[in-house]
Structures are given as C-alpha cells and as structure tokens.
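Q: From the sequence below, what's the structure:
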Amino acid sequence: MVIYQKKNFQVYTGNGGYIIHNTNYEFSEAHTHYIQSRSMAKVIIRNVLYKRKPHTKNRYLLKSHQRLSKDQTYIDMIETLIQKSKDKQSYKNVPSGVRR
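A: The predicted structure is shown next:
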C-alpha cells in the first residue's frame with residue numbers, strides 16, 4: 001500500500017518501518033527499506049530528486065541515497081561522504097573521577 005508518492009518515488013509501510021522505491025527501475029534495482037520515520041523517507045526522496053548533499057553522517061541513510069539514485073555523479077558524491085565518515089577520527093569524552 002502506497003502511503004506517499006512524489007514523482008517517480010513511492011513509500012510503503014512494512015515491518016515497523018518504511019520502504020522507498022524508485023519506480024523508474026525494478027524493485028530489486030532501486031529500493032531501500034527500514035527507514036524509521038515517514039519524514040526521513042521524504043527527506044531522502046527530496047535529496048535524491050534534487051541531488052542535494054545529505055546532512056546526515058549515518059552510513060545506512062547515505063547508502064539508502066545511493067540505492068535510490070541512478071545518477072553516477074550523485075552516487076560518487078555520496079560515496080565520498082561515506083568514506084569521510086569512515087576516515088573521521090572518533091573521540092569519546094570520558095569524565096574524570098568516574099570509576100568503571
């Protein structure tokens with residue numbers, strides 16, 4: 001059951017999340033699933049449609065952008081963002097005086 005549609009993208013509900021499908025391609029070629037909120041699904045659709053750079057650093061959501069797009073330039077830009085997030089040094093602030 002389609003709950004949202006914008007141009008060639010459709011959003012379905014399924015298994016506690018949302019599934020986005022690019023209808024220009026077969027379902028197995030261009031879909032992503034388990035997006036937790038309807039608003040996030042809409043943001044991903046807008047980003048892919050208008051080739052916007054995502055603000056998220058979440059690799060799963062970035063991969064979702066890649067799976068839905070067939071524009072190689074956009075896919076390469078997303079891959080660069082994924083690589084930057086992998087290469088980024090993480091920092092964890094451990095409070096002093098706290099015993100583990």
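
Q: make it CA atoms for all contacts and neighbour counts henceforth
A: Fine.

Q: wait, what's in contact with Tyr18?
A: 11-12, 33-38, 41 (CA atoms under 8 Å, 6 or more residues apart in numbering).

Q: make it 7 Å
A: Residues near Tyr18 by CA atoms under 7 Å, 6 or more residues apart in numbering: 11-12, 33-38.

Q: any chance of these in JSON lines, with secondary structure too?
A: Output for these, formatted as JSON lines (DSSP: H, G, I helix; E, B strand; the rest coil):
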{"residue": "Val11", "secondary structure": "strand"}
{"residue": "Tyr12", "secondary structure": "strand"}
{"residue": "His33", "secondary structure": "strand"}
{"residue": "Tyr34", "secondary structure": "strand"}
{"residue": "Ile35", "secondary structure": "strand"}
{"residue": "Gln36", "secondary structure": "coil"}
{"residue": "Ser37", "secondary structure": "coil"}
{"residue": "Arg38", "secondary structure": "helix"}
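
Q: Can you tell me which of these lies closest to Met1?
A: The closest of the contacts of Tyr18 to Met1 turns out to be Tyr12 (CA to CA; 5.8 Å).

Q: The closest one: how many residues sit nearby?
A: 17 (other CA atoms under 10 Å).

Q: Over to Leu68?
A: Neighbourhood size, Leu68 [other CA under 10 Å]: 24.

Q: quick one: it and Tyr25 touch, right?
A: No: Leu68 is not in contact with Tyr25 according to CA atoms under 7 Å; the separation is 9.3 Å.
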